[in-house]
Structures are given as structure tokens and as C-alpha cells.
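Student: Sequence and predicted structure are below.
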Amino acid sequence: MRMRWASTYADAVSVALALILLGRLPVGCCQGFSGGINPPPTSPLLWLLNDAVDNLTSNIFPAVKDRFGFCIKDPQQDWDQTFNYTNNMDFLRDCVTKFPDLSARLCTEAEVKLYFNSFIDNGGTANYLKPNKNCNSSSWVSGCEPGWASRVSTDANMDDQESEYLPSRTLDSQPCCAGFFCPYGLTCMISCPLGAYCPIATLNRTTGRCDPYNYQIPPGKPNHACGSADIWADVDHSGDLFCPAGYYCPSTIQKINCSSGHYCRMGSTYETSCLRSSSCHSNTENQNITIIGALVMCTSSRYLIKFWLSVALVLLLFIIYNFSDQILAHRERRRAKSRETASRTAREAVQARERWKAAKSIAIKHAVEIQGQISHTFSCKRSKKQPEPQKVLGLSRWSSDASTPEIEEPSILSNMSHSSEKISGSSESVHSNAGDKKPKKNAMKDKHMHTRTQIFKYAYSEIEKEKVLQQEKKLTFSGVISMARKNEIRTRPLVEISFEDLTLVLKRNKKQLLKSVTGKLIPGHVTAIMGPSGAGKTTFLSALAGRTAGCQMSGLVLINGKVEPIHAHRKIIGFVPQDDIVHGNLTVEENLWFSANCRLSTVMSKADKVLIVERTIDSLGLQAVRNSLVGTVEKRGISGGQRKRVNVGLEMVMEPSLLILDEPTSGLDSSSSLLLLRALRREAVQGVNICMVVHQPSYTLFNMFDDLILLAKGGLIAYQGPVKKVEEYFAGLEIMVPERVNPPDYFIDILEGIVKPSTLVGVKSNQLPLIWMLQNGYNVPPDMHNELDSVNASFESRTSSASVGSDADSGAANVWRDLKGGFEDKQDYLKHNFSKSKGLANRITPGKFKQYKYYLGRVSKQRLREATTQAVDYLILGLAGVCLGIITKANDTNLGAAGYTYTVIAVSLLGQIGALRSFSIEKLQYMRERASGMSSLAYFLSKDTIDHFNTVVKPVVYLSMFYFFSNPRSSFADNYIVLFALFYCITGIGYTFAICFQPSSAQLWSALLPVVLTLIATQQKNSKILINLCYPKWALEAFVIVNTKRYSGVWLMTRCGMLYKLGYNINNWGVCLAVLFLYGFVFRCIAFVCLVMLNKK
């Protein structure tokens, strides 16, 4: 009951507004002409009357603005649109002709206030006013009846009356003039607003009511005729007053049929041309738009610009949808052409170099043969002609002469060798400069060339040189250092990782993952971490890399002998996760280039970056698939082994000093594993410290590792040292590897407990970690002290049996003395290299702005390759616009609020679902990039920047359907601005859901939240604060405001009543847009904080 009264009360308030406005109609204006009976009207008199009305009504504008500002934005404009009769004053001329005393019959301000107050007091339900001076139980003249009015006495001077004074108006009761309405309970007349049709009512003999206003004549008064209209309120209570749909009313007493080709809404003062279509017949209320008609209508001059914009948009989307891959492929073909030219040039130069080297070796060989023949000839001659003994002087002279040819011969050979070297060098120079118009003076200039061909030629020539050097020399770490000094090859800072008593415990359940792990990782070595499942291999790598979220770590991790956080050096540390976390919608080369651009030094030249990427692609064997998409689960790409190598290549291109790999060979065949390990060996040769988890390597792969760390169950080390001495160590414990059994598999089976070691000393598999600690002097955890006695007893029996005369090896103690000696041998070398550890992380990587540029390019490519998904989104959005436009066709009774309510729900749902894809499907990729030091801000802003394309386009797609099928009174531009703000808002909310929740939960939240918030926002009984917190409230208010602005004249009451009922303010359109944009910005900030914090956790 209270809600019904509130609704009616809103209607009453709207009526009150109009009455206040109408209180300034020609009531005192006309009475200002001598206050008596006015003469018959003349044209100047009517214009003078209208001017006087305008002057008097200006006094009430401030009061109207203060009390009813929520539904009146510009009082002067609303007044002109409602009561400006200058275009047609026929009804006023007719009324003055009928009533020369017209001014004495018009309502004063006091009577308007009476009407207003009575209407409010009765809750808007009564069709009459409260008793007053002229109409009460003791005095009820015919002028008090609906549609009738009376006049004041001829001697009344209305100019001297106060606004609160109710004049005595009971004389000469007559039916009101057409174009005026006379309320029930008042004896005065009020002019009807523009857009109303107020003719004199006619009596329906059947019902006894006055049509079309539906009021009854007083009983017992057969001479009482029907008058004009009796009330002006909202469309629900006074719909008969409105100009009917299908007609237009240029004045309040004139109704004209809407002609063919035009449509006329309810309350129209003119007819509106239909869009170029044949669906508008005469007396059409609204244009009937079908899908075909929607296309035809856009060709009208009014919508021609919108039509061509829509065509351009559709054409652009069609091009993107069909040619997105071709656009990117064209660029790749151009690069491939330059790359092939450079590669061919480099290969030709290498082949020429090899030919000259072969020619040189042949020349030297022939020179040696000639030298031998000459020497043999001279020796024969000397033997035949032996000189007689001469004097010492002569002997000396003979000796000198004889030795002369022997001295000159080597010089000839040397000259030939130097000559061939010069020829070879000149040939190399000529071939290295093949393809250039101007040969370069030195090879270093290639680094600074900017053409694509020159850069690729430099890169491939360097790669070919490195291949030759590797083939000619079995390079070691020290060999690379010496080669670097001679050939100006860049060296990387060396990183040694030492760990002491490293223990890792889960914070949640206090479970130990690692226990007292001690050892070190040496630069230039490839270390294999092996052990049974659950031994903590991946956990160990994560602890070394500083990725121990959710765990409590104790012990020390030393970097070059210093206690430093590992994150301080993450610019030179590469971590390859177990899963192949790469971008499936990028090619192999694009994945590698993005990692190189964001993680290599900014001072590095473009040529050097090309060299690094090309070297990585070549060493990993990815040349054949470099331009192929990596692929996703839905879309097939490269093979699993190639994907695994791309996963490793992402870290190799940033030239790390420490490279940690988690099971890089899992799922690979032997050939792929061998290719990958060779690439890693090449990195180790350059001084990179490589540590990797391996499962079941072949014997060939096992021997390619330098060091081995064997982890037993419980996170304990059973062995750490050179691979070549692992069998020797276990042999010292009398654990022999059977023939034709792979040693690493056998050791893992022992640690797993599958195979029990058959030794005389009775060593058990669970005692191996303790034996390792004891032999190396490491601290034994307290919970392992109870096993010390059994281990000591085993070794005492082993010692006694050895003294009896065993042929066994001297034991593990000697082995580890050798190992310690080996470590001591390298101590000076390591100290020399690690003394400069202060500048390890001095690499200057691209800043946030530069990374934003790289991210922007990557996301753009991804969006182009997702054109199909985008096209489906647009199609669904357009279909939603068609369906909602047809179902919720603009209804004047609720000012189109219902259609906009469904619009907010549909757009929010579809917009948020589309925004989820921006972050949901790339969480793992982001976490990997963030852990490597890339900027989270650049990543987030690049995604948001590219998504602005959808924020701009999607409102056009939706409105191109919804607007023309619903056909609201508001303009397309106003609706677009509101929808743009709404899309910006819901995109930010979608980001938050995508980052904070799993994909399934995020989709559920995106579907439920718009519906729930819209229901809350449309229920006025809810808390005002709660309603204002709902973004649909502000979107709905903005939509309703832009639509209600177009409802003026006779619709003014309906506008005010609806805005009051909904709690909206017509002046808040800018505020609504600001709130929507603020919501979008705030939720983007929340999403970014969650991106940084939650994923970190």
C-alpha cells in the first residue's frame, strides 16, 4: 500500500511542478489591462499578452529550479517547449472571442498552489481538490465542476493581490474554452501544454460521461454541458489529454493525421519523416524497422554518415577477420627473404674459407715436398764432391757456403705460407662483403648497420665462425675465455651458487620438503639433479631460484660466497619451468624475440640481439618451425619436443649466467634430448652455471653432464660431485652397478627402495644421505641421530674386513679427498672471477615504457590472430541488440527505462565475459615473465590499451542493432557515450574477476553480478547507499536522462514523475558518466594490485 502511494505521490509531485509553472500564465497579465472586461482580441493584443506572460514567468524560474531541479535542467527551455504558443495562438484567439473576460477566468498563483497542495495531501488519488473559498459544502457553483470555470468580479484588481490570496471567483460559470483544462474543485482555467489535444468534450449518452476525458456531468443538472479537459498529469492518469499516437497537434486545439511516409508519437507537435522505407503508412505511431529495413533506412540523408561509418567498421572487421594472418605473414616473408640471403652469404664465405684453407694446406704440403727434394739433391752433390781439407779459413768458408741454402729454404716456405694466409684472408674478406655495394673496412661495422640484410649477414657470419671454431677445437671453459680475449666474444659474469643446511618447510602443515642440503653449483658446469619421485628435486630448484612462496626456508644460499638475495640477480638468472609455458598464439621467433627484447641489455646493439636469437634458434634446431605458431590446446601448432625447446630458448636468449631447468628433457625422444643438451653444453662452455632436473637419462646423455646431485626421499642429498666419480663413490660403499644397467637408473632404484644394495657392510638405502653427511663433515639433523650408531657399526665392520686383506678400493674417504682436492684446485680461479660480484646484476634492461612498447606489439599480434573470437563476440553482441530492441521497443509510458535495464544486463554480461580472456588464459605466462623481472605495469597497461579497441567498437556494434530496432527518442551519440562508459566500467570489473578467480568461477561471477546489481539498483526500497554502490544504477540513470531530455511539452509531468519515482536527477548525466569511469579506473587499480599480490602468493 505504501509503495502504491509512493508511486502516486510521484505523480502528484510532477503535477505540482506544472501547476507552479502554469501559475504564471496569463492570469495577472491580461488583468493588467485596466482590470475590467477585455475588448475583442486583435493581433497586437495577443502578442502583447504573450510578452506579458514571458515577463511574469521569468520571476518563477529560480523557485522552480530550486524545488524541481531534479527534472528540469533549463527552466527557460522547458517553459518554451511547454507553453510557448507564439507559433500558433489560435486557441487563445478563439477563447478571447468566446470569453471577452478571459483574464478574469484564468487561475492565479494562489489557486495553482491550492491545486498543488490538495493533490499532494490526497496522495494524488483524489480527482478533486480540498474545499476552498469558492468550492465548499456551502458554496458550490457550476464552475467547480470538471471542465467548467467562473470569473472574478469586474471591480477586482488582480495586480494588487498577493500570491497567497485566493480571489472570489463564482460569477458566470461557463464551460472552459478548448485548449484549456479546468480542474475539479477550482473555478479557473489553465492553458494546456504543447503536445496536448484539449477539445471540448462531447457527452456520451450511453455512459453519461464526457468523452474523451471520461468525467461525468453533475446529476440533476440537465442543462450542464461538457466542458474541456479537467486534469493534466502524467500519461497514466491523464493520457486522454495527450495528442494521440498517429496524429500530431501543432496547437492544443488542432489534431492532424500523420501522413504517409511519416510517423507521429504520442504527444507530437509535428510529424517525423520515416527513414527511407515503405513501412510508414498514414497514422503510423512508429516506424516499423525490420532487418532489411534497417539496412535501407541508413541510406537516408539523416543517417548517411552513420551508415558509411557502419560500412567502414564492418569492412574493417571483415579485413581483420580474413586477412589478419596474411598481414603478419607478409612481414615475416620479407624478413625471411633477408635472412635467407644473409645465411647464404655466410655459408658461401665459410665454404670459401674452407677452400682457401685446403689450398693453403696443399701448398704447404707441396712446399715441404719441394724442400725435401732440394735438400736431398744438395746432400747428394756434397757427398760426390768432397773438398779436401783446407785451412780453417777455407773450412769456415765451406761451411758457410754449405749452410746458406739451408737457411734460405725455410724462408721460402714461410713466405709461401704467409702468402697463402693473406690470400685466404683477402678471400674471406671479399666473400664476407658479398652482396654489399661498398665493402666494410672491418667486421665490427656490421654491428652498427641498420639494414635487415646487413644485420642478418653479420649474425650468420658470426654463427658460422663459431661453428668452425667448435669443430676445429674441442673447446673447454678456459678455451672459451682465451678465445674471447682474442676474438672479442662477450663473456658473461660468473655465478657460483653455494647452499648450506638448506631446509624448506611448508608453512601450512609444517611438512619438510628439503632437509640439510649442502653443496654448490659451479659455473661452466652442467649439473644434473636426479632422484626418485617426491625427493624434492623441483622444490630444490625453486629454493635456489628464490621461489619459495608459502614455505619457510632456513639455511644459507650464497652467491659467489656472499649472502645476497637471489632476486637481486634475476636479470642474469634464467628459470625454465617444468611445464611448457609459452604463448601459443605467437610464432617461435616472436616468442624468442619478445624475451630477448625485454631481458637483454638496452645498450646492446640490434645486430648483437639478432645474433643471439639466431644462434639460439640454430642451436635448438628450430629453423624449420621458426615462423610456425607454437599452438594451443584448441589449435595445433609445433610438436611437443619443439615446444619444449622453445620453452628453454626463452631463457637462453637473455644470455643468463645461471640457468635453472626443471625437467627440460621430459617427454622428448633421445635425439631431441641430445640436441637440447648439446645446446646447453654450448652455453656452459661460455661460463653459464646450468642446473637441471633429469628423469631417466640415457647413458650417453648421462655422461654429457659434469656434476650430479642425487636426492633421496625427504629432500636429503645422497651424492653430489662429478658424474665420472659417482660409480667410484658408490663402489666405495660396495654398491656395484650391474652390467648392462644404466647407472643413474640403478642409483634411483636404490634410493627408491626398489633395489636393495647387497653389500657386506649392510648399508641401507635410507642411510645413504647420512653416510654422505658424515663423510663430508656436514651437520646431521637431530632427527637422524638415532641412526648414527647403526651407520658407525657398519663402517667399523667394513674397516675390519678391509684389514683382513680385501682387494676392495681404499674407500669413499679417499674419493672425497680427491674431490675436495679438485675443489681446492679451482679455489684461486673462482676467487679471481668472483671477486667482482658487485656488478653481477648491472645489466640495464628496458624500463617500463620500453617494455610497454614491446608488450603492446605482442598483444596486438595476439588480437589479430584472435580475429575469429572477436568476430563471434561482435556477432553475439549484435544479435543481443536485435533481440532486445524488438522485445523492449521504446515505451513512452516508462520513458524507455525497461529496454535500458535489459541493455545494462546484457552488455555487462557479454562485456565482462569478453574481458575475462585478457588475463584468464595467460596467468602462467604472466607469472613466469614477472618472476624473470618483467614489468607487471607494462603488461597490464598493454592489455588494457588494446582492449580499448573493443571498448570503442562494441557500443557501435550493439547500438547499430538495438537503437534502430528499439527507436528511442534519445540520440545515437548520447546512447553511445553512455554505453562507452559502461563498457569501460565492466571491462575493469572483468579484469578483476579474471585475475582473482579461476576461469570457471570468474565466468559465474560475470554472469551473476550484473543481474544481482541491477535488481538491487531498481528496487527503491533498498538502502540509498547500497543502490549508489551498484554501477547499473548509474548506467540506467544516464540512459534514462538522455532519453527523458527528449520528453517535453505535455510530457513534462511524466518526465518529472518518472525521475522522482526512480530517484534520478536530470542534471546528473555528467556525474553518472564520471562515476562509471571512476568505477572502471578503480577496478583496474584493484585488478592490478591483485595481479601483483595474489599471483605472488
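Tutor: Thanks, I have the structure now.
Student: Wait, a helix at F980?
Tutor: Yes. The assignment for F980 is a helix, going by DSSP: H, G, I helix; E, B strand; the rest coil.
Student: Give me the domain ranges for this structure.
Tutor: Using the TED database, the domain parsing of the chain gives 44-153+166-242, 324-351, 502-570+696-779, 864-1094.
Student: mind listing what G147 touches?
Tutor: G147 sits next to 175-176, 181-182, 201, 210, 213, 215, 226-230 when contact means CB atoms under 8 Å, 6 or more residues apart in numbering. (Glycine included, C-beta is placed from N, CA and C.)
Student: quick one: low-confidence parts of the stretch 501-650 of the chain?
Tutor: Within the stretch 501-650 of the chain, not a single segment meets pLDDT under 70.
Student: can you pull out the strands in it?
Tutor: For the stretch 501-650 of the chain, strands defined by DSSP state E, counting those that start in this stretch occupy the ranges 512-521, 526-530, 551-559, 562-563, 573-576.
Student: what's next to the third one, contact-wise?
Tutor: The contact list for strand 551-559 (CB under 8 Å, 6+ apart) reads 495-507, 513, 516-517, 543-544, 563-564, 566, 569, 837, 840.
Student: can you do 7 Å?
Tutor: 495, 497-507, 513, 543-544, 563, 566, 569, 837 (CB atoms under 7 Å, 6 or more residues apart in numbering).
Student: list the buried ones in it?
Tutor: By neighbour count on 16 or more other CB atoms under 10 Å, the buried set for strand 551-559 is C551, M553, G555, V557, I559.
Student: rank the domains of the chain by pLDDT, which is bottom?
Tutor: Among the domains of the chain, domain 324-351 carries the lowest mean pLDDT, a mean of 65.
Student: Return the distance of R599 relative to A363.
Tutor: The gap separating R599 from A363 is 48 Å, by CB to CB, to the nearest Å.
Student: ok, now N136?
Tutor: Distance of N136 to A363, given as CB to CB: 137 Å.
Student: So between those two, which is more surrounded?
Tutor: A363 (16 against 12; other CB atoms under 10 Å).
Student: And the more buried one, how close does it get to S375?
Tutor: 18 Å.
Student: Going through the contacts of strand 551-559, which ones are buried?
Tutor: Here, 16+ other CB under 10 Å leaves 495, 497-499, 502-505, 513, 543-544, 566, 569, 837 buried among the contacts of strand 551-559.
Student: Now distance to L770 too, for these, in a markdown table please.
Tutor: Output for the buried ones among the contacts of strand 551-559, formatted as a markdown table (distance: CB to CB, whole Å):
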| residue | distance to L770 |
| --- | --- |
| V495 | 31 |
| I497 | 24 |
| S498 | 22 |
| F499 | 18 |
| L502 | 17 |
| T503 | 16 |
| L504 | 19 |
| V505 | 20 |
| L513 | 19 |
| A543 | 21 |
| L544 | 23 |
| I566 | 29 |
| H569 | 33 |
| S837 | 34 |
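Student: Could you tell me which of those belong to helices?
Tutor: Within the buried ones among the contacts of strand 551-559, residues falling in helices by DSSP state H are A543, L544.
Student: if I look at N591, how far off is G649?
Tutor: Relative to G649, N591 is positioned 8 Å away (CB to CB).
Student: Settle it for me: which of these two has more neighbours?
Tutor: Neighbour count, other CB under 10 Å: between N591 and G649, G649 has more, with 26 against 22.
Student: my read: that one touches L592, true?
Tutor: Yes. Here G649 reaches L592: they are 5.4 Å apart, a contact under CB atoms under 7 Å.
Student: intersection of neighbour lists for these two?
Tutor: T616.
Student: can you map out the helices along the stretch 951-1097 of the chain?
Tutor: Listed in chain order, the helices of the stretch 951-1097 of the chain (DSSP state H, counting those that start in this stretch) span 972-996, 999-1018, 1024-1028, 1031-1044, 1052-1062, 1069-1093.
Student: For those, could you give me TSV that also reports distance to P955 and mean neighbour count?
Tutor: Formatted as TSV, these follow (distance: least, CB to CB, whole Å; neighbours: other CB atoms under 10 Å):
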stretch	distance to P955	mean neighbour count
helix 972-996	4	24
helix 999-1018	16	17
helix 1024-1028	24	12
helix 1031-1044	12	26
helix 1052-1062	23	25
helix 1069-1093	12	18
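Student: out of these, nearest to R645?
Tutor: helix 999-1018 (28.4 Å; CB to CB).
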